[in-house]
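Engineer: Let's see this in three dimensions:
(one chain, ligands or ions: 1)
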Amino acid sequence: MGGLRPPGAPGSPLPEVIDELWERRAELTPADAQARAAVVSAVDAIDAGQARVAYVDPGTDEVVVDERAKRAILLAFRVLPMARSQVGDFRYEDRVPLKTRLDGVRVLPGAIARWGSFIAPGTVLMPSFVNIGAYVDEGTMVDTWATVGSGAQIGKNVHLSGGVGIGGVLEPPNAVPVVVEDEAMVGSRCMVVGGARVRRGATLGAGAILTPTTHVIDVETGAELPRGEAPPWSVCVGGTRPRAFPGGEFGLPCLLVLKRLPEGSRHDKSALNAILRDHGVDA
Ligand SMILES: CC(C)(COP(=O)(O)OP(=O)(O)OC[C@H]1O[C@@H](n2cnc3c(N)ncnc32)[C@H](O)[C@@H]1OP(=O)(O)O)[C@@H](O)C(=O)NCCC(=O)NCCS
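Structural biologist: Have a look, this model is predicted:
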């Protein structure tokens, strides 16, 4: 999850004017040309990968959020006018244009990426949706009907399988974006939302749900692990845990850690997906 923020860099690479505009956001409109120019330039830096909404600090392993980058994105919705764009005969009417910086990215018809998302060369976009502020790093596959929410941070060589839903930070507003670290494999139709974190090399079984408060249980030991995180180099599936309520005992969803993988190794089924991807097949 290195990204282009120099490790340990203090503050935001974006200019302070964004904070000033944020303070008077209520009065801004698309007619304010100066504000619009400043916001467009900031979001364009995010689009180019020169700034990002969040990154993992390699020293502390903490997710560092650039509030200014989030503000720039929210301000874009205030200062950009509605505009029409077109793909073939199909028309869009929106404030945020489609992304045009897609060098080195394989993009299939039906894929949508909004300006202000960063998509590194060597990624594959099947018919999927990548929202503003999202960061998708090299070698990652965004499979069919996967959605990458605003500000979500996806690492290198990740597989977001068919129909995966990665939540965003804008709607509803969340403090910390979802982070999926390098080499992770997120199985079909998983939902990872609200600042949950999939650690390096983790495999999430199809249909797993991970929110910041999801209980994570190691089935070997029964230990409760940090909530809202799929541990590194693990294989996890959605499960249930018993929970007592006044009306009786019911099962609530949880994430079960089924296996631990040797660091650097891939689960054999996700290795198969990698082979299929190398040959351009939608796994
Ligand atoms: C989680 C997964 C990686 C486990 O694979 P595995 O290591 O071979 O493990 P198994 O299939 O032997 O499953 C182990 C147990 O977990 C259960 N299980 C497997 N996948 C599950 C899932 N997604 N959710 C809940 N339980 C699951 C199995 O029923 C099995 O239970 P059992 O031991 O009582 O029989 C795999 O099942 C999976 O979901 N892969 C993702 C597939 C996918 O989405 N591909 C992308 C296509 S675009």
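Engineer: use CA for all of it now, contacts and neighbours both
Structural biologist: Fine.
Engineer: export stretch 110-127 as PDB, just CAs?
Structural biologist: Extracted C-alpha coordinates of stretch 110-127, given in PDB (Å, rounded to 0.1, in the frame of the first residue of the first chain):
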ATOM      1  CA  GLY A 110     -19.300  -1.300 -19.300                       C
ATOM      2  CA  ALA A 111     -16.600  -0.300 -16.900                       C
ATOM      3  CA  ILE A 112     -17.100   3.100 -15.300                       C
ATOM      4  CA  ALA A 113     -14.400   5.100 -13.500                       C
ATOM      5  CA  ARG A 114     -15.000   8.600 -12.300                       C
ATOM      6  CA  TRP A 115     -12.500  11.400 -12.600                       C
ATOM      7  CA  GLY A 116     -10.800  11.800  -9.200                       C
ATOM      8  CA  SER A 117     -10.200   8.100  -8.800                       C
ATOM      9  CA  PHE A 118      -6.600   6.800  -9.300                       C
ATOM     10  CA  ILE A 119      -6.200   3.600 -11.300                       C
ATOM     11  CA  ALA A 120      -2.600   2.400 -11.700                       C
ATOM     12  CA  PRO A 121      -1.200   0.900 -14.900                       C
ATOM     13  CA  GLY A 122      -1.500  -2.900 -15.000                       C
ATOM     14  CA  THR A 123      -5.000  -3.000 -13.500                       C
ATOM     15  CA  VAL A 124      -8.000  -4.600 -15.200                       C
ATOM     16  CA  LEU A 125     -11.400  -3.100 -15.000                       C
ATOM     17  CA  MET A 126     -14.100  -5.600 -15.900                       C
ATOM     18  CA  PRO A 127     -17.600  -4.000 -16.200                       C
END
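Engineer: near the ligand, anything from it?
Structural biologist: No - applying C-alpha under 6 Å from any ligand atom, one finds stretch 110-127 separated from the ligand by no less than 10.8 Å.
Engineer: And that stretch, what's buried?
Structural biologist: Neighbour counts using 16 or more other C-alpha atoms under 10 Å place 111-127 of stretch 110-127 among the buried residues.
Engineer: in the stretch 1-150 of the chain, which spans are helices?
Structural biologist: 17-23, 33-47, 67-79 (DSSP state H, counting those that start in this stretch).
Engineer: To the ligand, which of those lies closest?
Structural biologist: Within those, the stretch nearest the ligand is helix 33-47; the backing value is 26.9 Å (C-alpha to the nearest ligand atom).
Engineer: Helix 67-79 and that closest one, what's the angle between them?
Structural biologist: Calculated by axes from the mean of the first three to the mean of the last three C-alpha atoms, to 10 degrees, helix 33-47 forms an angle of 130 degrees with helix 67-79.
Engineer: Which neighbouring elements make contact with helix 33-47?
Structural biologist: Applying 3 or more C-alpha pairs under 8 Å, 6 or more residues apart in numbering; DSSP states H and E, one finds that helix 33-47 makes contact with helix 17-23, helix 67-79.
Engineer: ok, and which of these has the densest surroundings?
Structural biologist: For the helices and strands packed on helix 33-47, the stretch with the most neighbours on average is helix 67-79, a mean of 22; neighbours defined as mean count of other C-alpha atoms under 10 Å.
Engineer: which residues sit against that one?
Structural biologist: By C-alpha atoms under 8 Å, 6 or more residues apart in numbering, the list of residues contacting helix 67-79 from outside reads 12, 14, 18-19, 21-22, 25, 28-32, 35-36, 39-40, 42-43, 46, 51-53, 95-96, 116, 132-133, 151, 170.
Engineer: Now the buried members of those residues.
Structural biologist: The buried subset of these (16+ other C-alpha under 10 Å) comprises 12, 14, 18-19, 21-22, 25, 28-30, 35-36, 39-40, 42-43, 46, 51-53, 95-96, 116, 132-133, 151, 170.
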